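K.L.:
Pasting the sequence and the predicted coordinates here, then a few questions.
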Amino acid sequence: MKNKKNLIVIEKGAICTVIINNPNKRNALTHICFFDIVQTFDDLSRGQNTRAVSFTISRKKLFGQSWKFYQHHRRQLGLPVKKGRN
């Protein structure tokens, strides 16, 4: 699967990781980014391999709520959470 403008898509076996990578907009979910996500799911639905999709965001630049989302999920996974942004 090829990457979209705002997404990096990594397929490893039955698991697909989708990384939102839109540093110019601080990884906010813009209309274009959302459209790319929908296209990615459409592409994945055509294949037979993918059984799970994991979403994450690039840490290059984070929008305020994206940073809170990132911290929350790191805590949920028991991973260390850095103080402050970038």
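P.N.:
Noted; the coordinates are in hand.

K.L.:
Okay, helices next: where are they in this structure?
P.N.:
31-46, 64-76 (DSSP state H).

K.L.:
Adding mean neighbour count, distance to residue 5 and mean pLDDT, write those helices out as TSV.
P.N.:
Placement of C-beta: from N, CA and C, glycine included. Shown next, in TSV, are the helices of the chain (neighbours: other Cβ atoms under 10 Å; distance: least, Cβ to Cβ, whole Å; pLDDT from 0 to 100):
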stretch	mean neighbour count	distance to residue 5	mean pLDDT
helix 31-46	13	6	85
helix 64-76	14	18	68
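
K.L.:
Compare those helices and give me the one nearest residue 9.
P.N.:
helix 31-46 (6.0 Å; Cβ to Cβ).

K.L.:
separation between residue 14 and residue 52?
P.N.:
7 Å (Cβ to Cβ, to the nearest Å).

K.L.:
quick revisit: would you turn the helices of the chain into a markdown table with distance to residue 23?
P.N.:
Compiled in a markdown table, the helices of the chain are given as follows (distance: least, Cβ to Cβ, whole Å):
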| stretch | distance to residue 23 |
| --- | --- |
| helix 31-46 | 12 |
| helix 64-76 | 11 |
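
K.L.:
for the ones you listed, which one sits closest to residue 19?
P.N.:
helix 31-46 (10.9 Å).

K.L.:
Packing partners of that closest one?
P.N.:
When contacts are defined as 3 or more Cβ pairs under 8 Å, 6 or more residues apart in numbering; DSSP states H and E, helix 31-46 sits against strand 7-12, strand 15-20.

K.L.:
quick one: buried residues of the first one?
P.N.:
Of the residues in strand 7-12, those scored as buried under the neighbour-count criterion (16 or more other Cβ atoms under 10 Å) are 7, 9.

K.L.:
That one to strand 15-20, inter-axis angle?
P.N.:
Using axes from the mean of the first three to the mean of the last three Cα atoms, to 10 degrees, the inter-axis angle of strand 7-12 relative to strand 15-20 is 160 degrees.

K.L.:
how far off helix 31-46 does strand 7-12 point, in degrees?
P.N.:
Using the same axes, to 10 degrees: strand 7-12 against helix 31-46 is 20 degrees.
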